[in-house]
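I would like to see how this sequence folds:
(2 chains)
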Amino acid sequence: SQQGEEDPQALSIQEGENATMNCSYKTSINNLQWYRQNSGRGLVHLILIRSNEREKHSGRLRVTLDTSKKSSSLLITASRAADTASYFCATDALLSGSARQLTFGSGTQLTVLP
Amino acid sequence: ETGVTQSPTHLIKTRGQQVTLRCSSQSGHNTVSWYQQALGQGPQFIFQYYREEENGRGNFPPRFSGLQFPNYSSELNVNALELDDSALYLCASSPGGANYGYTFGSGTRLTVV
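From the prediction side, this is the model:
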């Protein structure tokens, strides 16, 4: 089952604008990760934020995490046409022992128009 | 440093058949996980292997099974294929331990007819 839900499901913006995607989840987590996927191919890891962190930056990416609201947001600044892809949040939780499980949301389809 | 390699890239099977998908993990990664992604959905966790043992499993029936080899490469086997097994199957590796991101392969697109 899907743990998280991304919002919006689809987002279309002009090149140069900022894109914000939100993610909500249900259970306690070890960390939350964001991934990007182009046209049904493999996922690319973008950024990881630990449960005790509130904000993290990587290049044009900014991620926030609010564990009290069980929500996260991904901001892509100064978007480019090449940022067009599906973006997924994934919660990382320990199952038992050393086993970890990523639970993905249903994704946000971002389209950046040139 | 090589990434995660999956083979084959595409596969068409008939309902009731069996299939084996293969994955070579990234160098230095001892943990491999498999995910199933249906069209328009996020990936769903199938199971995880660590040091050749399955140490975590999602909500998938026993006809989904796997192996991990001493070089940390892995196989996913699916028996008695059903039409609903049609999906993109993704392999991901990580160094193990908490707070590491995963490296995903490009996936195997399985179509069951």
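
quick one, what contacts residue B:93?
By C-beta atoms under 8 Å, 6 or more residues apart in numbering or on different chains, residue B:93 lies in contact with B:4, B:23, B:25-26, B:29, B:31-33, B:72, B:102-103. (C-beta placed from N, C-alpha, C; glycine too.)

What of residue A:83?
Counting by C-beta under 8 Å, 6+ apart, residue A:83 touches A:19, A:76, A:110, A:112.

Relative to residue A:34, how far out is it?
Distance, residue A:83 to residue A:34, using C-beta to C-beta, to the nearest Å: 13 Å.

cool, and residue B:93?
Distance from residue B:93 to residue A:34, by C-beta to C-beta: 18 Å.

residues in contact with the longest strand belonging to chain A?
In chain A, taking DSSP state E as the definition, the longest strand is strand A:85-94. Residues from elsewhere that reach strand A:85-94, judged by C-beta under 8 Å, 6+ apart: A:3-4, A:6, A:21, A:23, A:25, A:27-39, A:43, A:46, A:48, A:72, A:74, A:100-105, A:107-110, B:42-43, B:98-99.

Can you tell me the strand partners of that strand and which way each runs?
Taking DSSP bridges as the criterion, strand A:85-94 pairs within the sheet with strand A:31-37 (antiparallel), strand A:100-104 (antiparallel), strand A:108-113 (antiparallel).

thinking again about what came up before, and of the contacts of residue A:83, the nearest to residue B:59?
Using C-beta to C-beta, residue A:110 is the member of the contacts of residue A:83 that sits closest to residue B:59, with 29.1 Å.

contacting residues for that closest one?
A:10-13, A:19, A:21, A:76, A:79, A:83-87.

give me that answer again for 7 Å
A:11, A:19, A:83-85, A:87 (C-beta atoms under 7 Å, 6 or more residues apart in numbering or on different chains).

Can you tell me which of the residues you listed has the most neighbours?
Highest neighbour count within the contacts of residue A:110, by other C-beta atoms under 10 Å in any protein chain shown: residue A:87, with 23 neighbours.

Chain B versus that one, what's the distance?
11 Å (C-beta to the nearest C-beta, to the nearest Å).

before we move on, what about residue A:15?
Residue A:15 sits 26 Å away from chain B, going by C-beta to the nearest C-beta.
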